[in-house]
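Student: This is the structure alone, sequence omitted:
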């Protein structure tokens, strides 16, 4: 399972989720992974999230965390922040930023977590 | 002697064992560390004052423990002394945030410090934002309870954090939310999703003012409705605050009201979102003498978009709690993949317009109306425009290695009202070009050029940034902001900054040297707000 903290105003976050979305169908076939995208949009932008996601065509499970309760519980300081949880719910990967091509590292970590590599 | 020690150890161990049994399971410890330090150099040209301490540091360090139904946590904060841009009232250190939380069978009880939000926050929102220097957490008790499917109740009581002390005002709040589709099995399968909510918040603050007869107990209420049907969405929230004289509204006894309406349609590849809001005398603080962001009980969402580019965020809008009316429209559109202009990955277009203006008000005679201050017409738009912005953005991915964003932004800004600083009204045009190029899997280049053109204020600005990530963990960057159009030629200054850093998993270390303006900054793909500075900076964040 991938948990990705993002926000509509965060350009690197959206670039990362776009990049994952391009590969998502393949990754699901390979590893059965599920992506949960947690929006940390505050009350100012949270009601934009549903239409934002629909327009993007993201196939993720989207959760809202408008008062950052889950973000604080996961000790996330900045977005984007990406976690991989293995089959036992253990965090095996944390990445805190996004640059072009980072999704390749994420994919490699995902294969490792799924025991495919 | 030996046996005493043995008994003692045994007691501790058995206590530990008993504790472990109650908690019934393996406990988990999580935490995070954030350290921001800066060495300051005075620079009279850019207006950086001498800092007597030379070095300042803020740190926020959190530890949370979860075991079964129980969780507990504590946060240490130190401001030795508070970084420039933060209130000196933060100077010092301590544990401002401690909580114990128990969750069981649809009920959750939190004692100690907690954050909370009712609806969109128009009458209650306690939150923590270290980059903004805001922490209006409650110290008290909160109970959440779900008596039936789809019914969510919350109640709380507490005082709010005020730097290292607590506000004297006592806040009591209750919120109920009904998710109709969850409540009834027949509704469950319906395409239309409806959520209803309502809140009531009251505050108590002793009053002994010799002139005014301030109300000691006063209340605020709000109602909200959310309807989603396929691609259509509708959200509205209305709020009302009973007469609440305070330092923000100049102690007038008028009631406050607020309304937010948002409606949209979206499907894959297109979305349209229209919003409107009205805020009239909505300042709501747990201390009637508090100013600025201190002791806010509520939060007033602003309509305009959050600009992330340095120069587009040069004149950011700030909600006016005493009164404003606004509209916002946003159209997003994707040129599909493999179409004429879509290319292999598609092209994203985004058009947004916001306008905020004053309320249409009539000043009243305070003597005859018992300090009502003014009256306002509900749907009439006031004479003064506070803010207008039109943004056009286009994003295109040329290949899996190369992506560009272009943005144009037109803005009208009433700086006198928004920043409370006497200034002519500002008209500005901003252009941005932003590119990302992955040279190889471990080498990425990010470049930005931006220009801001205006005839007012400090005149034209130019901005350039280059950032290079290598070895997947390291980055170096340089940026320059140049005020080449300042009306005073001696103030046509460069703000040059170099940065470097290391990031691995959750660890993030950044060092920088140079001059910066206040604003939101994205380095290494991470965004945060940074105050104005001149000198060396060091930032370390980590979590486990």
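Tutor: Received, thanks. Bear in mind the structure is a predicted one, so any value in this text is a computation, not a measurement.

Student: Residue 87 - how many residues pack around it?
Tutor: If you meant another chain, say so; for now it's chain A. Neighbour count for residue A:87, taken as other C-beta atoms under 10 Å in any protein chain shown: 11. Backbone N, C-alpha and C define where each C-beta goes, glycine included.

Student: Let me rephrase: I mean chain B.
Tutor: Residue B:87 is surrounded by 13 other residues when neighbours are defined as other C-beta under 10 Å.

Student: Distance check, residue B:338 against chain A.
Tutor: According to C-beta to the nearest C-beta, to the nearest Å, residue B:338 stands 13 Å off from chain A.

Student: what's the closest non-adjacent residue to that residue?
Tutor: Distances taken as C-beta to C-beta, 6 or more residues apart in numbering or on different chains put residue B:344 closest to residue B:338, at 6.8 Å, once the chain neighbours are dropped.

Student: Kindly confirm my reading that residue A:25 is in a strand.
Tutor: No - with DSSP: H, G, I helix; E, B strand; the rest coil as the criterion, residue A:25 is located in helix rather than a strand.

Student: At the geometric centre of chain B, which residue do we find?
Tutor: By C-alpha atoms, centre = their mean, the mean C-alpha position of chain B lies nearest to residue B:129, the distance being 6.5 Å.

Student: mind checking how far that residue is from chain A?
Tutor: Summarising the geometry, the distance separating residue B:129 from chain A, computed by C-beta to the nearest C-beta, is 8 Å.

Student: Pairing partners for that residue in the sheet, please.
Tutor: residue B:134 (DSSP bridges).

Student: Can you give me the pLDDT of it?
Tutor: The pLDDT attached to residue B:129 in the predicted structure is 84.

Student: What about residue B:368, how many residues nearby?
Tutor: 7.

Student: On the three-state scheme, it is what?
Tutor: Residue B:368 falls in the coil class when you classify it by three-state DSSP.

Student: With residue A:18 instead?
Tutor: Taken by three-state DSSP, the conformation at residue A:18 corresponds to helix.

Student: Please name the nearest non-neighbouring residue to it.
Tutor: Computed as C-beta to C-beta, 6+ apart, the closest residue to residue A:18 that is not its neighbour in sequence is residue A:56, at 7.1 Å.

Student: And for residue A:112?
Tutor: Here the nearest residue to residue A:112 in space, its sequence neighbours aside, is residue A:92; by C-beta to C-beta, 6+ apart that works out to 7.6 Å.

Student: Just the element for that neighbour, please.
Tutor: Residue A:92 is part of strand A:91-95 when elements are defined by DSSP states H and E.

Student: all strands in chain A, in order from the N-terminus.
Tutor: With DSSP state E as the criterion, chain A has strands at A:2-6, A:35-39, A:61-64, A:81-85, A:91-95.

Student: mind checking which of the ones you listed is nearest residue B:404?
Tutor: Closest approach to residue B:404 among the strands of chain A (C-beta to C-beta): strand A:2-6, 20.7 Å.

Student: looking just at contacts, which helices and strands does the closest one meet?
Tutor: helix A:11-31, strand A:35-39, strand A:81-85 (3 or more C-beta pairs under 8 Å, 6 or more residues apart in numbering or on different chains; DSSP states H and E).

Student: Let me have the ones you listed in a markdown table, extended by mean pLDDT, distance to residue A:116 and mean neighbour count.
Tutor: Conversion of these to a markdown table gives the following (pLDDT from 0 to 100; distance: least, C-beta to C-beta, whole Å; neighbours: other C-beta atoms under 10 Å in any protein chain shown):
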| stretch | mean pLDDT | distance to residue A:116 | mean neighbour count |
| --- | --- | --- | --- |
| helix A:11-31 | 91 | 6 | 18 |
| strand A:35-39 | 93 | 17 | 22 |
| strand A:81-85 | 92 | 13 | 22 |
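
Student: For residue B:200, which of the ones you listed is the nearest?
Tutor: Closest to residue B:200 of those is strand A:35-39 (C-beta to C-beta; 27.7 Å).

Student: on that earlier part again, state the pLDDT value of the residue nearest to residue A:112.
Tutor: On pLDDT, residue A:92 comes in at 89.

Student: isn't it right next to residue A:108, touching?
Tutor: No - with contact taken as C-beta atoms under 8 Å, residue A:92 and residue A:108 are classed as non-touching, separated by 12.0 Å.

Student: Stretch A:25-40 close to chain B?
Tutor: No - contact of stretch A:25-40 with chain B (C-beta under 8 Å from any C-beta of the partner chain) is absent, the minimum separation being 11.1 Å.

Student: An error on my part: the question was meant for stretch A:66-82.
Tutor: Yes - interface with chain B: stretch A:66-82 contributes A:66-69, A:72-81 (C-beta under 8 Å from any C-beta).

Student: Now a PyMOL select for only the buried ones of these.
Tutor: Selecting only the buried members of these in PyMOL, with burial defined as 16 or more other C-beta atoms under 10 Å in any protein chain shown, works like this:
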select buried, chain A and resi 66+67+68+72+74+75+76+77+78+79+80+81
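
Student: still on that earlier bit, reformat the helices and strands packed on strand A:2-6 as JSON lines; add distance to residue B:274.
Tutor: Formatted as JSON lines, these follow (distance: least, C-beta to C-beta, whole Å):
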{"stretch": "helix A:11-31", "distance to residue B:274": "22"}
{"stretch": "strand A:35-39", "distance to residue B:274": "20"}
{"stretch": "strand A:81-85", "distance to residue B:274": "32"}
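
Student: Of all these, which one comes closest to residue B:300?
Tutor: If you check each of these against residue B:300 by C-beta to C-beta, strand A:35-39 wins as the nearest, at 20.3 Å.

Student: which residue is nearest the centroid of chain A?
Tutor: The residue at the geometric middle of chain A, judged as the C-alpha nearest the mean C-alpha position with C-alpha atoms, centre = their mean, is residue A:4 (2.2 Å).

Student: and the residue nearest to residue A:18, how many residues sit next to it?
Tutor: Neighbouring residues of residue A:56 were enumerated by other C-beta under 10 Å; the total is 21.

Student: measure it to residue B:346 for me?
Tutor: The span separating residue A:56 from residue B:346 equals 10 Å under the rule C-beta to C-beta, to the nearest Å.

Student: Done for today, thanks.
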